[in-house]
Each structure stands twice: as structure tokens, then as C-alpha cells.
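A.B. asks: need a 3D model of the sequence below.
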Amino acid sequence: MQAVQIVVRMVTGPGDEVVIPTPAWPNVGAAIGVAGAIPVNVPMDYVQGRFSLDLDRLAAAITPKTRAIAINSPANPTGWTATKDELAAILALARKPGLWIIADEIYARFVYDGSARAASFHDVMEPEDRVLFVQTFSKNWAMTGWRVGWIEAPPAFGQVIENLIQYSTSGVPVFVQRGAIAALDEGEPFVAEQIARVDAVAAAIAGPMVDVQYAPNGPQWGSDALWEAIAEASARTGRRVTTHLFETKYQRDWADRTYPGGLVKRWKEIGLLSPRLTLAHCVWARPDELEMIAEAGCVIATNTSSNLALRSGLAPVAEMAARGCKVALGVDGQAFDEDDDALRELRLLWSLHGGWGFDQTLSPREALAMALETGRIALGAPAGGQLAEGQAADLLILDRAALDEDGLMPVDPLELMFARATRRQIRELIVDGRSIVAHGRVLGVDLDSVHDELRGIYRAGIADRAGLAAALPALESAVTRHYVTRLGCC
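C.D. replies: Below is the predicted model of the structure:
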């Protein structure tokens, strides 16, 4: 953004005009207004779902007061991408009256026709042409939050740029400069390296009981190039992908700003939506997005307790199921009583999404299938969840007597389970024919002793980290401000 402000101030003044094809990122027009200049909007055509630029209309907007034409290609928010011929025509329009072109090409690598990048004014300009380029690291190198970019301008502007920076930010912090240098030197193989690491881990430990998956944390933490690479690798290897999507309203807003054409639609276009994809949460997913997710056969892992604890909202679980989505039960490390009790989580899920009054939108049996059947898909486990020949030898046995210790008359076991079951009533857990839990205790390891030892280590170490403990409240407040006011997302 600072680069845009600087180039606008270099070539315009009060009363000057800058021509902008619209719809456009609103901050560009605002930067022009702050400089005292006037943004002149040239509406683009929208036909059959695509935007196009009418060059005659662009030429008609040029007046004796015009000083520059601002071109964003590939464009935010329209997705319009100028061809090489269009860029040459725009350059020809600017040459005759001596106009500057402000070229915002920060999304140049976001093209999907097999090209390394989109067409650029670099492809058609001569050294003497008046073109100012603004660029950023946040998009192409996944450096969101670092707030670093650059300007390409004729050498004569060097001192002007230095002066404008001196009286605004005074410069880019050294550690950020080093991060940018690392991105230039090492950024190209970054994505391939991350995928290769997952494949190496899978080669070392994957097996019938361990499924290694690609798991970028969420769309806001990865570039579009990363998601393309993940989609390609998943299709090539058959490996599952797990990520978070629309967990919070802030993530919803971020996605709408960053992908005006729709994030889920974009993932569909690159092949990421598939039966191999698990999407955690989807609290703020819209009906049309749920339709695409269902059509692709993706799994949605709903995490009710975690959403309540983080104040994220309630996922539309009943609507997900009604639209044909495969929904699985999860806890995301934050069960209701912080005890990872999946039975209590299952009851909470049904209590909140089963329907109100006499209107049942989700039956207990459907909720149970989310835990026992669909959940296996998300884990990459073989088919199971039923007592049937050929199914996996996985079995959870509950103590009926403990569940119904005050019973007076017969009660349907399913109703009884959804009324009061917790992990305390687990008699035995069998996985792949092997008993893992019996009478409330994990077999094969003394879990209570392990917990006691770990708690002792942590408590003993607190005294050595008193300074960090004292700084945590202020640090937490600062981190919150950063995500709310700068990134707008978490």
C-alpha cells in the first residue's frame, strides 16, 4: 500500500486526474484522493461471468488533466488479466500525451494457464517508457504480515522515493529486509520442499494404523501457489489433505477480500476439492459453498466444543447433512471440559443440531454415523463403523449397567447413550483386534504416571521462565491487536 501511495505522490498533485479501470481495489482511489488528485473510474464490461476492458472507453477518459493510468493486472477484485496486446495498447495510449502508468502486478503469478506469470508491461515497454511498478512479497512468497514490497522506477526517482519514505516509515526494518532476501533466494523451492517433507515422513512411518496427510493450517497462512501444489500432490499420490476453513467470521471476511470470486470455487478450479480433502469447522460456510463441498465428496470435521470455547459460532451441521456433505465428529484439541471426551462431544453435537421442538433435523443414529463412519474417512482408515463381516475389527464397548445404574424399565440403548454417556462408561476399546483401553485405563503405557511426570517437569520449569510469564499478558494483548487490526484474521 505504501508503494502505491509513493508512486501516486511522485507523479500527481492537487487537481490532477488518474484513470482507473473499475471495479478496483478501493485503496488505490483513496491514495489518489489523499494526494489531492482525482480518480477517474472507467467501468469494465462484465459478460458471461468475465470482466473485460474497453480500450476506447479508457482512451475517452483521458483529459488534459490526466497524469497517470493505474492498471492492476491480474486484478483484485475482478480477476481480469490483461493480455500482452492489451498492455501494448494501453502503453500506446499513455505514450502520446506522456502519461505515467502505475502498474500493480502483485498477483502476476496467480495465473492458471500453464504460464509462469501473467503478461507484464515489462514484456512490451521500452527503457524510456513511463511505467512505475509496485510489488509485494505477501502474495507470491506467502509473507502476509511482513508488510514489505518494492517499487520499480527510473533512476531519476531514487532521491524522491527516499525522501517520501524518510518522512513516512523511515525505512524497512532490517530483519524484514533479510526475510525478503531469503524469499528471493530460497522462496522458489519452498513449496516443493514442504511437500517433499510430508512424503518423506509418510515413507518412514505410514502404514495400516498411521495415515500421513498434507495439512496446511488454513488458507490465510498459505499462498495460492501452495494450494495448487498441494492439490497436484494429493492427486498424484492419493494422499489426503486436512485444513481449517471458515472457522471464524474473521477468516470468512479475509477469504471474501482475498478471493472475490470465491475461495471454495477457486479450490474447486485447481482440483483441491475432492474426496481426499477434510475441512475442519466450516462454521461460516455459505449454502452454495456447502453444495460444492458435497458435490466434490469432501469431509467436513465439525468441532462443536472448540467453536464454543473460541466463540467462533455454531456450524450449520444439520444443513451440511441436508445438502449431502459428509460430516465427521472432531474436538480440535478443545473438548467441552478439556478432557477430549468424544462421547460427550457427540451428545453435545446432537443436542445443538438435532432440531428444536418436534422438528428433528438430525437423528441420533445420523450423529453416531458422523463419529463412527465418516470420521474414519477423515483419518484415512479403512471402512468401518458397523458390526459386519469384512469391517475393521474396531469396537467401543460401553458398560450398560453403569449407564443405567438407576434403571427402572427398559430404555433404548441409543437413547441412553445420548442421554448420559461419557468416557467413564467405557468398558473396553478394541482397535484392529487389539485391546487398547480396559476398565477406564489405557493398556501398554502407564498414562497417569506419564501425566504426573510431565506436570512435574512443567511446574519445575516455571520458575526459570518468570520473565516470560510476566510478559505474557502484554504479549497476548499485542498479538490480538496485530491479528485484528493488521491481518484482520487468525
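A.B. asks: any weak-confidence spans in the stretch 51-200 of the chain?
C.D. replies: Flagging of the stretch 51-200 of the chain using pLDDT under 70 yields the residue ranges 112-114, 140-142, 167, 169-170, 187-188, 191.
A.B. asks: contact partners of the host helix or strand of L454?
C.D. replies: Per DSSP states H and E, L454 falls inside helix 447-462. Here helix 447-462 makes contact (C-beta atoms under 8 Å, 6 or more residues apart in numbering) with 441, 469. No exception for glycine: its C-beta is placed from N, CA and C like everyone else's.
A.B. asks: what does stretch 158-171 give?
C.D. replies: The contact list for stretch 158-171 (C-beta under 8 Å, 6+ apart) reads 2, 5-6, 9-10, 151, 153.
A.B. asks: now flag whichever of the residues you listed is closest to L408.
C.D. replies: Q2 (73.7 Å; C-beta to C-beta).
A.B. asks: got the contacts of stretch 158-171 as CSV, with distance to D288, secondary structure and neighbour count columns?
C.D. replies: Formatted as CSV, the contacts of stretch 158-171 follow (distance: C-beta to C-beta, whole Å; DSSP: H, G, I helix; E, B strand; the rest coil; neighbours: other C-beta atoms under 10 Å):
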residue, distance to D288, secondary structure, neighbour count
Q2, 36, helix, 18
Q5, 37, helix, 19
I6, 40, helix, 22
R9, 42, helix, 19
M10, 43, helix, 18
I151, 39, strand, 18
A153, 43, coil, 21
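A.B. asks: and E186, how many neighbours does it have?
C.D. replies: By the measure other C-beta atoms under 10 Å, the count of residues near E186 is 11.
A.B. asks: and if you look at T83?
C.D. replies: With neighbours defined by other C-beta under 10 Å, the count for T83 comes to 12.
A.B. asks: what does the one 10 residues further on give?
C.D. replies: For L93, the count of nearby residues is 18 (other C-beta under 10 Å).
A.B. asks: how about D412?
C.D. replies: Around D412 there are 10 other residues, counting by other C-beta under 10 Å.
A.B. asks: where's it relative to G29, distance?
C.D. replies: 64 Å (C-beta to C-beta, to the nearest Å).
A.B. asks: what about the strands in the stretch 351-490 of the chain?
C.D. replies: 395-398, 426-431, 434-438, 441-442 (DSSP state E, counting those that start in this stretch).
A.B. asks: want to throw the ones you listed into JSON lines with mean neighbour count?
C.D. replies: Formatted as JSON lines, the strands of the stretch 351-490 of the chain follow (neighbours: other C-beta atoms under 10 Å):
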{"stretch": "strand 395-398", "mean neighbour count": "16"}
{"stretch": "strand 426-431", "mean neighbour count": "16"}
{"stretch": "strand 434-438", "mean neighbour count": "14"}
{"stretch": "strand 441-442", "mean neighbour count": "12"}
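A.B. asks: could you dump those strands to CSV with mean pLDDT and distance to E373?
C.D. replies: Compiled in CSV, the strands of the stretch 351-490 of the chain are given as follows (pLDDT from 0 to 100; distance: least, C-beta to C-beta, whole Å):
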stretch, mean pLDDT, distance to E373
strand 395-398, 92, 13
strand 426-431, 92, 16
strand 434-438, 92, 19
strand 441-442, 90, 24
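A.B. asks: dump the ones you listed into a markdown table; add distance to R420 as well.
C.D. replies: Conversion of these to a markdown table gives the following (distance: least, C-beta to C-beta, whole Å):
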| stretch | distance to R420 |
| --- | --- |
| strand 395-398 | 11 |
| strand 426-431 | 13 |
| strand 434-438 | 19 |
| strand 441-442 | 21 |
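A.B. asks: tell me the span between the first and last residue of stretch 394-412.
C.D. replies: The straight-line separation of the ends of stretch 394-412 (C-alpha to C-alpha, to the nearest Å) is 23 Å.
A.B. asks: relative to the whole chain's centre, how far out is that stretch?
C.D. replies: 43 Å (C-alpha atoms, centre = their mean, to the nearest Å).
A.B. asks: from V331, how far out is L343?
C.D. replies: L343 is 11 Å from V331, by C-beta to C-beta.
A.B. asks: show me the helices in the stretch 351-490 of the chain, by range?
C.D. replies: 364-369, 375-379, 400-403, 413-420, 447-462, 466-482 (DSSP state H, counting those that start in this stretch).
A.B. asks: who touches stretch 85-102?
C.D. replies: 4, 7-8, 11, 18, 53, 55, 58-59, 62, 66-71, 73, 82, 119-121, 123-125, 129-132, 134.
A.B. asks: what does stretch 470-481 give?
C.D. replies: So stretch 470-481 is contacted by nothing (C-beta under 8 Å, 6+ apart).
A.B. asks: how far does stretch 296-315 sit from its chain's centre?
C.D. replies: On the basis of C-alpha atoms, centre = their mean, stretch 296-315 sits 15 Å off its chain's mean C-alpha point.
A.B. asks: buried ones in it?
C.D. replies: Neighbour counts over stretch 296-315 (16 or more other C-beta atoms under 10 Å) mark 296, 298-307, 310, 312-313, 315 as buried.
A.B. asks: among these, which are in helices?
C.D. replies: Judged by DSSP state H, the buried residues of stretch 296-315 include 296, 304-307 as members of helices.
A.B. asks: which single one of those residues is nearest to P364?
C.D. replies: The nearest member of these to P364, counting by C-beta to C-beta, is T304 at 15.1 Å.
A.B. asks: what's the local residue count around Q159?
C.D. replies: There are 9 residues near Q159, going by other C-beta under 10 Å.
A.B. asks: domains in this protein, by residue range?
C.D. replies: The chain breaks down into these domains under automatic domain parsing: 2-186, 205-386, 448-487.
A.B. asks: and G179, what does it touch?
C.D. replies: Going by C-beta under 8 Å, 6+ apart, G179 touches 137, 143, 146, 148.
A.B. asks: phi, psi of it?
C.D. replies: phi -60, psi -40 (degrees, to the nearest 10).
A.B. asks: what do you get for the one 5 residues further on?
C.D. replies: Backbone torsions for L184, taken as degrees, to the nearest 10, come to phi -70, psi -40.
A.B. asks: residue ranges with poor pLDDT in the stretch 301-450 of the chain?
C.D. replies: In the stretch 301-450 of the chain, no residues with pLDDT under 70.
A.B. asks: V327 should be in a strand, yeah?
C.D. replies: Yes: using DSSP: H, G, I helix; E, B strand; the rest coil, the assignment for V327 is a strand.
A.B. asks: the helix or strand hosting V28: how far from the chain's middle?
C.D. replies: Using DSSP H and E, V28 falls within helix 26-34. A distance of 28 Å separates the centroid of the chain from that of helix 26-34, by C-alpha atoms, centre = their mean.
A.B. asks: list the buried residues of it.
C.D. replies: So for helix 26-34, counting by 16+ other C-beta under 10 Å, buried means 28-29, 31-32.
A.B. asks: could you give the mean pLDDT of that helix?
C.D. replies: Taken as a whole, helix 26-34 has a mean pLDDT of 88.
A.B. asks: just to revisit the earlier point, dump the helices of the stretch 351-490 of the chain to CSV, plus distance to F336 and mean neighbour count.
C.D. replies: Below are the helices of the stretch 351-490 of the chain laid out as CSV (distance: least, C-beta to C-beta, whole Å; neighbours: other C-beta atoms under 10 Å):
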stretch, distance to F336, mean neighbour count
helix 364-369, 15, 18
helix 375-379, 18, 20
helix 400-403, 19, 14
helix 413-420, 14, 15
helix 447-462, 20, 10
helix 466-482, 23, 10
